[in-house]
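1. sequence first, predicted coordinates after that:
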Amino acid sequence: MPIWKRNLFVCWFGMFVTSVGMSQLAPVLPLYIKQLGVQDAGAIAQYSGLAFGITFILSALFSPIWGLAADKYGRKPMLLRASLGMAVVVFSMGFAHNVVELVGLRLLQGIITGYGTACTTLIATQTDKNHAGWALGTLSTAGISGSLLGPLIGGFLEMNFGLKYVFFITGGMLMIAFVTTLLFVKEDFVREPKKKVPGMKEVWKLVPEKSLTVTMFVTYFILTVALYSVEPVVTVYVEKLSGSSGHVALLAGLTFSASGLANIVAAPRLGKLSDRIGAHKVMLFALIASGLLFIPQAFVGNVWELMGLRFLFGLAAGGLMPSVSVLVKKITPSALTGRVFGFNMSAGYLGVFGGAILGGQVAAYLGVQYVFLITGALLFVNAAWVYWKVYRKLNLRTGMPQGA
């Protein structure tokens, strides 16, 4: 098996597990915080929001820093640092004595993350050009599916093993990711000790395609906003559609995770299509299709229609993440890939947080249906921007290599 493919399989598992580790807390947080001694419903909601959101905010801040370290010291050391650190921190959450310790550990988890940034950079720089789209597309399914399936996995573990074992089992899986990374990931990286590694401002000055790069960051942000805008409202919407409270949690989890399952199916294939016809074409089509699929979600008559549309949205959105990664790789000098992918990952983490905030606020002031309509509108605006800033520009470049 080629080294790049072996790296991909190991990184996929590690990225899936780390994404699950960051998101699996959503359904069990209120229950765990109550078990830790907080009884007031308002305080439970406040601590739940703080504990969940703080990890993603700090991950957004620290991703570029870990990207810089990856460019300086290599990507494999960053993979080992992040997987081992998260294994210890997540496992320790099962021993938290009060909510302050839990929030502190979630804070620490956000700081030490960076596995996804290092994985994306490693695969982007160690995979040959002909397989880059497929490899990045496959890798992107790990992050999205892990984030979207995480709450379902967390709920399943809690139901079958108990609250504390959610953390123990996830910590154990992260330790497996650390061991497999240590044993099987190979990186062709030569550190240049005498060469000064530029800081963030210098890095930005060295980025040759600033407009395209910013468009990629915004597209990645909008994608994650679209994926997570329904997270705060899906349970309420499913209960309203089903007309009863029976199995609402299970149906809501399946509905939320349907996009992640579809993404696993579609992303590798659309990544391979990006290699063949051009990532900018796949990206534009995926944005328009995703926007169109959001509109009918506001008018569904039952849960199964909503679940089906969420699955179709996941298929369309599967073309976005690999396209963004492929284009970022193509327009970024190899010496800067870690930091630029770090910025891109920050945009994704901010999108998770921003999507949850947007969904909750829109539902509170306008109604649940408007969450889908406004998210669809955001995707259309992003599609128009991509058309003017990316699609037309790359099509007009006569000297651009085929498939770029």
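-> Sure thing, it's come through. Bear in mind the structure is a predicted one, so any value in this text is a computation, not a measurement.

2. could you use CA atoms for every contact and neighbour count after this?
-> Will do.

3. and the next helix or strand past the helix or strand hosting residue 359?
-> With the criterion set as DSSP states H and E, the secondary-structure element containing residue 359 is helix 337-365. Toward the C-terminus, helix 337-365 is succeeded by helix 368-386 as the next helix or strand (DSSP H and E).

4. next, the angle helix 337-365 makes with that next one.
-> Relative orientation of helix 368-386 versus helix 337-365 (axes from the mean of the first three to the mean of the last three Cα atoms, to 10 degrees): 150 degrees.

5. with just CA atoms, put helix 368-386 into CSV.
-> As requested, the backbone C-alpha atoms of helix 368-386 are provided in CSV (Å, rounded to 0.1, in the frame of the first residue of the first chain):
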residue,chain,number,x,y,z
VAL,A,368,-37.9,27.5,13.2
GLN,A,369,-38.8,27.6,9.5
TYR,A,370,-36.8,30.7,8.9
VAL,A,371,-33.6,29.0,10.1
PHE,A,372,-33.7,26.9,6.9
LEU,A,373,-34.7,29.8,4.6
ILE,A,374,-32.0,32.1,5.9
THR,A,375,-29.3,29.4,5.8
GLY,A,376,-30.3,28.6,2.2
ALA,A,377,-30.0,32.3,1.4
LEU,A,378,-26.5,32.4,2.9
LEU,A,379,-25.5,29.5,0.6
PHE,A,380,-26.9,31.3,-2.5
VAL,A,381,-24.9,34.5,-1.5
ASN,A,382,-21.8,32.4,-1.1
ALA,A,383,-22.4,30.7,-4.5
ALA,A,384,-22.7,34.1,-6.2
TRP,A,385,-19.4,35.2,-4.5
VAL,A,386,-17.7,32.0,-5.5
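
6. now for the helix holding residue 359, which elements pack on it?
-> Counting contacts by 3 or more Cα pairs under 8 Å, 6 or more residues apart in numbering; DSSP states H and E, the secondary-structure elements packed against helix 337-365 are helix 41-73, helix 115-126, helix 210-228, helix 320-331, helix 368-386.

7. to residue 96, which of those lies closest?
-> Smallest distance to residue 96 across these (Cα to Cα): 13.0 Å, for helix 41-73.

8. list the buried ones in the closest one?
-> Along helix 41-73, the positions that meet the burial threshold by neighbour count (16 or more other Cα atoms under 10 Å) are 44, 47-48, 51-73.

9. who are the packing partners of that helix?
-> Secondary elements touching helix 41-73 (3+ Cα pairs under 8 Å, 6+ apart): helix 29-35, helix 75-93, helix 99-112, helix 115-126, helix 337-365.

10. now render those helices as CSV, adding mean neighbour count, distance to residue 23 and mean pLDDT.
-> Converted to CSV, those look like this (neighbours: other Cα atoms under 10 Å; distance: least, Cα to Cα, whole Å; pLDDT from 0 to 100):
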stretch, mean neighbour count, distance to residue 23, mean pLDDT
helix 29-35, 19, 10, 78
helix 75-93, 22, 12, 89
helix 99-112, 21, 11, 88
helix 115-126, 26, 14, 80
helix 337-365, 23, 10, 81
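
11. export these to CSV and tack on distance to residue 213?
-> Listed next are the helices and strands packed on helix 41-73 as CSV, based on distance: least, Cα to Cα, whole Å:
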stretch, distance to residue 213
helix 29-35, 36
helix 75-93, 21
helix 99-112, 25
helix 115-126, 15
helix 337-365, 9
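
12. okay, residue 283: pLDDT?
-> The predicted structure scores residue 283 at 89 on the pLDDT scale.

13. go on, the one 4 residues further on?
-> Looking at residue 287, its pLDDT stands at 92.

14. closest to residue 5 out of the helices and strands packed on helix 337-365?
-> Comparison of the helices and strands packed on helix 337-365 against residue 5 by Cα to Cα identifies helix 115-126 as nearest, at 8.9 Å.

15. using CSV, write out every CA atom in the closest one.
-> What follows is helix 115-126 as a C-alpha-only set of coordinates in CSV (Å, rounded to 0.1, in the frame of the first residue of the first chain):
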residue,chain,number,x,y,z
TYR,A,115,-5.3,17.1,15.0
GLY,A,116,-7.5,18.1,12.0
THR,A,117,-5.2,20.9,10.9
ALA,A,118,-2.1,18.7,11.0
CYS,A,119,-4.0,15.8,9.2
THR,A,120,-5.2,18.0,6.4
THR,A,121,-1.7,19.5,5.9
LEU,A,122,0.0,16.1,6.0
ILE,A,123,-2.4,14.6,3.4
ALA,A,124,-2.2,17.7,1.2
THR,A,125,1.6,17.8,1.2
GLN,A,126,2.3,14.1,1.1
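
16. quick one: that helix to helix 320-331, angle?
-> Going by the same axes, to 10 degrees, helix 115-126 makes 50 degrees with helix 320-331.

17. I'd like to know which elements helix 115-126 is packed against.
-> Taking 3+ Cα pairs under 8 Å, 6+ apart as the contact definition, the neighbouring helices and strands of helix 115-126 are helix 3-23, helix 41-73, helix 75-93, helix 132-161, helix 320-331, helix 337-365.

18. recalculate using a threshold of 7 Å.
-> For helix 115-126, the contact count by 3 or more Cα pairs under 7 Å, 6 or more residues apart in numbering; DSSP states H and E identifies helix 3-23, helix 41-73, helix 75-93, helix 132-161, helix 337-365 as packing neighbours.

19. how many neighbours does the closest residue to residue 328 other than its chain neighbours have?
-> Leaving aside its sequence neighbours, residue 328 sits nearest to residue 213 (Cα to Cα, 6 or more residues apart in numbering; 6.6 Å). By the criterion of other Cα atoms under 10 Å, residue 213 has 22 neighbours.

20. reformat the helices and strands packed on helix 337-365 as a markdown table; add distance to residue 282.
-> Compiled in a markdown table, the helices and strands packed on helix 337-365 are given as follows (distance: least, Cα to Cα, whole Å):
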| stretch | distance to residue 282 |
| --- | --- |
| helix 41-73 | 27 |
| helix 115-126 | 18 |
| helix 210-228 | 13 |
| helix 320-331 | 7 |
| helix 368-386 | 11 |
